[in-house]
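# Take a look and give me a structure for this.
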Amino acid sequence: MPLAARADPYLGFRFLVEIEGLIVGGFSEVSGLQAETEFEEVREGGVNHHVHKLPKITKYPNLVLKRGITDSTLLWQWYQDVVRGMLTRRGIYVMLLDEVGSVIWMWSFIDAYPVRWTGPEMRADSSAVAIEALELAHNGFVRT
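Numbers count the residues shown, from 1 in each chain. Got it, this is the predicted structure:
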């Protein structure tokens, strides 16, 4: 009996990040692609074999983008605008690519803005790339 065609999972290192209106270079890591829905347990009179679990609110953690520090100061400037009270929300797109570079999955983050900037850890005994991280609050995401 022949085996069914196997669909291997996509690799996590092939991705792109696009920040609406900002060209900021490549990112080495993206985290925070997560959603969690809280629920309420409701007991129904006469139903003793289970408790109903009803959805309440969905929470989204902040999206964290990491990249090697470059000459571009656009991410830093965007964060500094927020510090000064000039909030500019932007759409963020995270795209997962297949082995030939075609977009397979794309998530669109709604109304994102920076809430934390982390600069590089500087150590004289290390030759690692200097990394900056930008943490973004957002109003949820959708798969597009």
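
# for the protein, which spans come out with low pLDDT?
Counting by pLDDT under 70, the chain shows low-confidence ranges at 1-13, 23.

# mind listing the strands for it?
Counting by DSSP state E, the chain has strands at residues 15-19, 29-31, 36-42, 52-59, 63-68, 90-97, 103-118, 131-137, 141-143.

# what about those strands, which gets the closest to Gln77?
strand 103-118 (10.1 Å; Cβ to Cβ). Any C-beta I mention is one placed from the backbone N, CA and C, and that applies to glycine too.

# what packs against that closest one?
Using 3 or more Cβ pairs under 8 Å, 6 or more residues apart in numbering; DSSP states H and E, the elements in contact with strand 103-118 are helix 74-83, strand 90-97, strand 131-137, strand 141-143.

# ok so, going back, can you redo the strands of the chain as CSV with distance to Arg84?
Output for these, formatted as CSV (distance: least, Cβ to Cβ, whole Å):
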stretch, distance to Arg84
strand 15-19, 19
strand 29-31, 27
strand 36-42, 32
strand 52-59, 28
strand 63-68, 21
strand 90-97, 17
strand 103-118, 12
strand 131-137, 17
strand 141-143, 27
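
# Leu74: which of the ones you listed is closest?
Judging the strands of the chain by Cβ to Cβ, what sits closest to Leu74 is strand 15-19, at 8.4 Å.
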